[in-house]
Structures are given as structure tokens and as C-alpha cells.
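> Below are the sequence and a predicted model; questions follow.
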Amino acid sequence: MAQLSQVIVKGLPGGTHSLALAGIIGGVALGIWAVWLLVVCIGKLKLKASVTSAGTSESSPLLVRYQAPINLQTHTATLENDVLLCSVCAKLDFYRIFLYGVHELEAIPLGSLSSIFEKSYQCSFCRLISLYVRRTRIMENVPHVDLSEIECGMHTGICGALRRGPYPPLRYGRYLRITWSGVRQTHPAFHAANSPMIHLMQEDACKFGKPVDLHGRRVKGTVDIGLVKKWIKLCQDNHGDKCRNVWRMDRNLPGFVRVVDVVSMSLTLAPPGCRYVALSYVWGGNGAEYWTTKDNITKRSMPGGLNTADLPDTITDSISFVRQLGERYIWIDALCITQDDSQDKVTQLHAMDSVYGLSCFTLIAAGGKTVRDPLPGYRPRTRTPQIHIEVVQGLHLFVIPPTTRKALALSTWITRCWTYQESALSCRRIYFTEQQVYFECRCRVFREDIVMESRSDFSSNFVGYSRGEYFPFASDSFGSYKLAVEDYTRRNLTVESDIVDALTGVTNALVVAFELGDPASAFQYGMMLTELHHALLWQHDPHTSRARRSLAEGGDLSWPSWAWATWRGAVIYMGQSVYRQTRVDSYSNDASVDETFIDAWYIVDHSGDVVLLDVRRISRVYWIEEEQPPYSSPGGTLDPTEMPLDIHRPLKPGTLIFRTTSNHFDITRRDGEPNGESSPADHYGLFNVLSTTSSPSTWVGTVILPLNPAPPTSIKFIVLSRASDSVIGSYDKESLKRYRGCMLHVMAVNENEGLMERIGLGAIHIVAWVTSMPEEKVVFLR
């Protein structure tokens, strides 16, 4: 501005003239801005007046009758378009709706969903809504819902922007949001279902004076290879280090990792620093006929040794796709790992963090149920695009297909444990789904059906959010671990003994990212030993029965009870708020620890030796006047003479040894329903912990226990740590005072011949624990 002022002033006779000229320029600019605001306000007032008049007379249109906009030659339409609309939709001026918008508080009524279904055969707009409901199978969750009870409405939303910049309000495009009401109480599942979003195709953007950004794009029968190349290049050229795994920037693939050379069609050791693609897919059963084995690895390592005729469609298409992109190498587990060589499998599987973390991108075959299915859209007639376009008053409208997250939620691929780390560790991902191809990196999302390409690493739009499965999830190591475990354990495994191996890439990445030392010391049985105080606080998903995994090695009892990997089903790290409920909920705030009481943790390793663990200590100082007498934890390391439980019975690997306090308490079931009965889907229940040191007994805490078999009326508990939060409703507030840090994390255990086994987790008020006169004990937790 300083330079501009100097240019304007230069050559004028004096400062007075300069000020006069500056004033004239400022006045003109202000006048232009005022005129623009006036135009916008008049347009919105007209639209509001039209909506208001619609509610005063049945014969009045909901909006001004559709007319071709004045002085806009690129937009032409006639009233003949209304022949394809029902009486309700024909009264709407869709051009003005897209141009000026409709606030959600002033949503336009469209009638009941049943009437929209009935009119879908004659009305192009109603047809868009009914097709969405049918294709998304919303009705399957609520088969008995009365469609005449569901009232539909319509308002607009802002599409957003692909780049930063000072856009005026009319610069942003809009989409139509269809809403339903009247089922919030009667059918909450239907109410929670996402309602359709209807948008303009890119050929209509110019009719509103807008760029094609965030408008619809036709999806062809086969994917546009050039478009995929553009996505990759936009990320590589513009996103820099944001789309790289930071802790892997200076690393190469280990020298023993093999890749497929798609030019010579052979297996080869990955050249140092080579650029390659990784493949993630669903095996879907045994594949011995196409696996790499000891017998065929020599032949496959020779040029031309890989015959595509011997390979299933997913692998064949992936190799061809990578070749078309101009890449040379691809990593495919079934080909690059010798499947009948146990040593090679172990070595290669422990490098998964490098394989997926260092790949240029990961190609994800999410459209098939087995490896024998083709990549949808790579070859002709392998997919049927779901985008449906209707012409409404001269505008090309379509229902926006699902986001990446929703598209993948319907896939077999996302249900498999092995595919979790393959996705989470990858910096870029290209998904082949049944409907279209999606691209995700840390900064952006691209897709075939929406114009979203931009050089900017910024995006704020209605479809541009990624699934967020990237490491690290949080700034602390345990936060990342917790979220990974919760997501991972919701998935399924064909071979249950793979439960730890299929997460090894994630745990190795955490070790490198947070400098946790030796992976074998930081993680065992899937548990984060460096944060053992936190890691022990997992709970079973309440809808999963308590059953041990069937493990190939050593039988069902080879893994310890304190590790989540020992048990089938999902696990959750719940906070104290779960203890005030009447039934166990699968969602709660995070479990937290404010003070650790156990000075030394030991574990029996696979050779039978007792090893001291390196566990981080937590100690937050409080002035707790209410805690009288205070809890005194038995500190110090264990003497070697305290280690053996029985010299004639060696301890099994995985046994935890530590010193703490323990005691017995009575328990009673907390009612889960008003009639005292629990839901048949509940496999775990909340129990009140009762102290019998006084009469009558006092409610001093809460524990979650399995319901089958029914637990005994008295259970042994051991102290783990101090909780940082305390929730009213988890103990008797009249008898025990609430203050920060007043609750202990405790584990409910069974004890048999000195060995303890975890059966549940809970919290007990610290004052009640101290007054119960607990005993100091060396625990052997198996």
C-alpha cells in the first residue's frame, strides 16, 4: 500500500490534492461495496418473502415460480421442465434456492416420505430422494417404520472451499440437504441415518458464475488413470513433509524385503531407496496355488518368473494398474513372503511398519470379498457407477455418494484385523470401492465423483474429511496405542493366534515414534508395558461374551488373563463415568491414572527368567486433607526370595509379579433395567462393591464383571493405581466424601494356589480401602 500511495501522489502539486484524490478513490470503493451488499440483501428478502407467502395460501408457491434468470444467457430453461415434477416440487424455484440458500430453520416442507416414494415414478426430484433411501438400505434397520409418519424438508448447506482466500459469500456453492422429522422418539435408528445431500453437476457451475470446484463429475465404467496420476502428483508436489511418516524419513526398507518388479515380472530384493507401492486386500481363504513357497521362489525370482495366469484377479489387476501409473515395484504379501517358511514369515511380518510406512502409496482393494475379485473399475464391466443424475428445471442434480468412511463401512476389507495396520501406517491411500476410487493423504481427499483437485494443502468442504487413521493419533504414546487397540479389536481374524502379529507393525511404529526402546521389551502380548499402569485398565465390550481365544501354540491357557489379546472381541478403555450407570455402556471417557503405587513390575519371559520391566511412573502431588488415614503403598523392589511361588512348579511365561495390597469385598448386582432385568445382549454387568466393616454394609465402589457364569457374592481385589477422576454415583456419597484422587483402580481376581487371574476391573473409594485393613501381598498374576 505504501508503494501504491507514492505512485498516486507522485506528480501532484501538493498534499491537499493528494488527500482529495485519495478521498475520491475511497468513496468510489465504498460505493461499490454498498451496492453489492444491497443486491444480496434484496435477493434474500425476496426469497424469504416467497417462503412466507407459501405458508399463507395453499395455492401460493413455496418459492417464486421458476423463471429463467434475467441477463444470464448461459442458463436457459422453460416451464416445460416442470412437467417432470410433482405439484410440490414444481412450485420450487431451484435456481434461486441454489443461488441464495435456505436456512435450516426455514426448511421447505416436501411432504411425507411415503408420498415422495409414490411420486418418484413421475417426479425427477422425488426420484433422487427415493433412490437414495433404497440404495443405502436405511429401511433394513427399521422395517416396521410407517413412512407416512416421516416428514421431509429441504434446506441448503455451504459446500466450502478447496483453498484459502477471501471469498465473498456468493462465491461459495451450495448443496441441498433433505431432512426427515417425526421419528426421533419412535425410530431413533432412522433419525440417526444420514439424510441425502443433492448437488449440481460441474456443467451447471457456470450458470451461477462459480468455478467447477466441489461440483459433481460423471463416473465412468473404468477409472481414469490420468486422474489418479494427477492426485498423486498434487500430493507429492504440494504437501511436502505433511504427507510423510516423520519418524521414517531417513529410513530405507530392510535389505531382506522383496518386491514385485512389474516390468520384468519377477521377485527381487527391494533396491535401496526404491519407490514402490504396497497392496492391501482380503485373502478370503487358502491360496496355496498362487502363494510364493520354498518350491517356486527361485523360479519367481527370474525375469518372467511370475505368470499372471497363475494369479487371482485382485493381484493381477493391481500389478497392471501399478504398471499403468508408471511405477515399477509393488509389495504383495502373498508373493513377497515365503508362505511355508515360518522364519521368513516372522522376519517379514516384523517389518510391516517399514513396508507400509515407506510406500509411495498403498493400493487398497476394498471392493471385493476375496482375492479372486477384480479391482472394481480397473477393467470394463467390473463396476456399475451409482451416480444417478436427474434434470430438474434445467439443472443437473445428483445425490452425493457416500464419503470414504461410509463407503468402506460396507466393505469386507474394513472388517479384517490385518488390513487395519496396512491402512493406518500408510501416508497415502488409493481405495478401489464398488462405486468409485478414492484418494486420501494427510492433507486432502480426492474422489472420482466430485471435482476436488487443488494444489493447496488446505481444504474445508462438505466431503473432504479423511478417516484419520494415521500415526501417531495423539501427542502421547498411550493415547495413540489406546485408539489403535479399540479400533483394531473391533475387527475379525481367521486365525486367532494372529491377534498380536497383525498389530506388530503398529506397535513397532509407536516404538520408533516415541523412542520406547526395544520393541520386544516395550510390547508383549499386545500390551504396552512401558505404560502398564494405563494398559491394564481395558474393559471388555459389554456385548461380547467372555471367551479365551483359541491359540495354536500351547493351547487356550498359553497367554495371560491380564492381556486383552487373550480374549475374543472388542475392548474399550473406559473412564470412571461408566461406574455411575445402570448398565455397561460401550462408550465412556478415557481411563486415567494420577498416581502409580507399584514401584517394580516383573514378568516371566519365554525362557522362564524373571525380568524387571521399565514402566513409566506417574506421581501428581495433592494436598488431600480428607484422606485420613492416607493410602500407603508397599514400595521397593522385590527380593529374589519372594519371586518363586513354588520351586516345584515353575511360573509360566507372561506371569506378572508385583507387590500391592489386596482384600475381599462383598458385591451385589446393580439393576440394569427398570424391571431389574438386563438386556440379552449384555454379557457384562455393573456390581456395587460393599464394605462389611460396619453394619449395615456400605457401598464403597463399583466393578464390572462377566454375567455368565454368575460371580460369587464375595470377590478379592488388588490395587493398581489412583484414578484422577471420581464420579458421583459409583459409591455412597453420604458415607464417603468426594475429592480429586479419592478412587483407586482395582482389579477383581480369582486366586488358585497362589496364582491370580483377572476377572474384572473396578474402582473403590480410597478411604474405604484403607479402613478395610488390606494385606500387603506379592501378586503372581497369570
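Ah, there it is.
> Where is the longest strand in this structure?
If you go by DSSP state E, the chain has its longest strand at strand 656-669.
> Let's see that one as CSV, backbone CA atoms only.
Presented in CSV, the C-alpha positions along strand 656-669 are these (Å, rounded to 0.1, in the frame of the first residue of the first chain):
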residue,chain,number,x,y,z
LEU,A,656,3.3,-60.6,36.1
ILE,A,657,4.9,-60.3,39.6
PHE,A,658,4.5,-57.1,41.7
ARG,A,659,3.8,-56.0,45.3
THR,A,660,0.5,-54.3,46.2
THR,A,661,-2.4,-54.6,48.7
SER,A,662,-5.4,-56.8,48.5
ASN,A,663,-8.7,-57.5,50.3
HIS,A,664,-12.1,-59.2,50.0
PHE,A,665,-15.3,-57.2,49.5
ASP,A,666,-18.9,-58.3,49.0
ILE,A,667,-20.7,-57.5,45.7
THR,A,668,-24.3,-57.1,44.6
ARG,A,669,-25.7,-56.7,41.1
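> How far does that strand sit from its chain's centre?
The gap between where strand 656-669 is centred and where its chain is centred comes out at 36 Å by Cα atoms, centre = their mean, to the nearest Å.
> Repeat that for stretch 489-504.
The answer for stretch 489-504 is 18 Å, by Cα atoms, centre = their mean.
> Now do it: distance from first to last residue.
14 Å (Cα to Cα, to the nearest Å).
> who's in contact with it?
Contact partners of stretch 489-504, identified using Cβ atoms under 8 Å, 6 or more residues apart in numbering, comprise 283, 349-350, 352-353, 414-421, 484-485, 488, 525-526, 541, 549-553, 564-565, 568-571. Where you see a C-beta, it was placed from the backbone N, CA and C, and this is true even at glycine.
> Give me the buried subset of the residues you listed.
283, 349-350, 352-353, 414, 416-421, 484-485, 488, 525-526, 541, 549, 551, 564-565, 568-571 (16 or more other Cβ atoms under 10 Å).
> List the ones among the contacts of stretch 489-504 that fall in strands.
Using DSSP E, the contacts of stretch 489-504 in strands are residue 571.
> so how far is residue 507 from residue 777?
According to Cβ to Cβ, to the nearest Å, residue 777 stands 31 Å off from residue 507.
> If you count surrounding residues, which of these two has more?
residue 507 (23 against 18; other Cβ atoms under 10 Å).
> I'd guessed the more buried one sits against residue 520; true?
No. Using Cβ atoms under 8 Å, residue 507 is not in contact with residue 520, being 10.2 Å away.
> three-state assignment of the closest residue to residue 447 other than its chain neighbours?
Using Cβ to Cβ, 6 or more residues apart in numbering and skipping the chain neighbours, the partner closest in space to residue 447 is residue 438 (4.9 Å). Three-state call for residue 438 (DSSP: H, G, I helix; E, B strand; the rest coil): strand.
> what about residue 306, how many neighbours?
Using other Cβ under 10 Å, residue 306 has 24 neighbouring residues.
> Not counting sequence-adjacent ones, nearest residue to it?
Residue nearest to residue 306 in three dimensions, not counting chain neighbours: residue 265, with 4.5 Å by Cβ to Cβ, 6+ apart.
> Now do the contacts for the residue nearest to residue 447.
Counted by Cβ under 8 Å, 6+ apart, residue 438 has contacts 404, 407, 430-431, 445-448.
> and if we set it to 6 Å?
By Cβ atoms under 6 Å, 6 or more residues apart in numbering, the contact set of residue 438 is 404, 431, 447.
> Correct me if wrong: residue 340 contacts residue 291.
No. With contact defined as Cβ atoms under 6 Å, residue 340 does not count as touching residue 291 (7.7 Å).
> Give me the more crowded residue out of the two.
Taking neighbours as other Cβ under 10 Å, residue 340 and residue 291 compare with residue 291 leading, 16 against 13.
> what's that one in contact with, if anything?
Contacts of residue 291 (Cβ under 6 Å, 6+ apart): 334, 339.
> Would you mind measuring from it to residue 356?
From residue 291 across to residue 356, the span is 20 Å (Cβ to Cβ).
> cool, residue 326 as well?
Using Cβ to Cβ, residue 326 is found at 21 Å from residue 356.
> So these two - more neighbours on which side?
residue 356 (25 against 9).
> Next, count neighbours for residue 643.
Residues near residue 643, counting by other Cβ under 10 Å, number 14.
> so what's the closest residue to residue 667 other than its chain neighbours bridging to?
Leaving aside its sequence neighbours, residue 667 sits nearest to residue 687 (Cβ to Cβ, 6+ apart; 4.3 Å). Per DSSP bridges, the residues bridged to residue 687 are residue 669, residue 703.
> List the residues that contact residue 687.
667, 669, 703, 705.
> Now for the third one: which residues touch it?
Spelled out, that is residue 703. Residue 703 makes contact with 687, 689, 748, 760, 762, according to Cβ under 6 Å, 6+ apart.
> Tell me the buried residues in the longest strand of the chain?
In strand 656-669, counting by 16+ other Cβ under 10 Å, buried: 656-663, 665, 667, 669.
> same for that strand, what does it pack against?
Where contact means 3 or more Cβ pairs under 6 Å, 6 or more residues apart in numbering; DSSP states H and E, strand 656-669 is packed against strand 684-691, strand 714-722, strand 775-781.
> Take those and lay them out in CSV including mean pLDDT and distance to residue 579.
Below are the helices and strands packed on strand 656-669 laid out as CSV (pLDDT from 0 to 100; distance: least, Cβ to Cβ, whole Å):
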stretch, mean pLDDT, distance to residue 579
strand 684-691, 93, 7
strand 714-722, 95, 14
strand 775-781, 93, 22
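> Identify the residues contacting stretch 292-300?
267, 305-306, 335, 338-341.
> Flag every buried residue along it.
292, 296-297, 300.
> Please identify which of those residues is nearest to residue 724.
Using Cβ to Cβ, residue 292 comes nearest to residue 724 of those, at 50.8 Å.
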